[in-house]
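Asks: Here you go, sequence then predicted model.
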Amino acid sequence: MQVWTQFGSSESDPPWARDFAGMWRAADKVVYSKTLKQVSTPRTRLEKTFDVDGIREMKLRGARDLVISGHELAAHAFRAGLIDEIKLFVAPIIVGGGKKSLPDGVRLGLQLVEERRFEGSGVVHLHYRLRTA
């Protein structure tokens, strides 16, 4: 997380980095951790447990989208029914292991909203919304 406190703040950084870093620095953030004692980034609060009801309340009151990052945290959100949209970046690299992006035991119907190819890199961005009825 700390990379965005510096990267993207210089005119020599790429435009995409400056755009994202500006949004990231302006956002209120919650870090869920049982081991951290404190957070070191601005506009960030620390919570020891993932509070499903608290997240639902944030969704109801929020004027902006909530973003959940990290496979373990996202798995909790999927299982709790908190996810409305999924945005995936698929890279043309096979690593052969690692942590799963999506949790076991969850089945959701999805509707493709947008797809974008990043020419030259082979990366594809897929944006899905949960299918309703």
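Replies: On my side now, so go ahead.
Asks: When you work out contacts or count neighbours from here on, use the C-alpha atoms and nothing else.
Replies: Noted.
Asks: which strands and helices sit next to the lengthiest helix in the chain?
Replies: Counting by DSSP state H, the longest helix found in the chain is helix 15-26. Applying 3 or more Cα pairs under 8 Å, 6 or more residues apart in numbering; DSSP states H and E, we find helix 15-26 packed against helix 3-6.
Asks: which helices and strands does the helix it packs on pack with?
Replies: On a contact count with 3+ Cα pairs under 8 Å, 6+ apart, helix 3-6 meets helix 15-26.
Asks: Quick one: distance of the helix it packs on to the chain centre.
Replies: The chain centre lies 15 Å from the centre of helix 15-26; the measure is Cα atoms, centre = their mean, to the nearest Å.
Asks: Give me the contacts around that helix.
Replies: Helix 15-26 is contacted from outside by 4, 5, 7, 8, 9, 10, 11, 42, 43, using Cα atoms under 8 Å, 6 or more residues apart in numbering.
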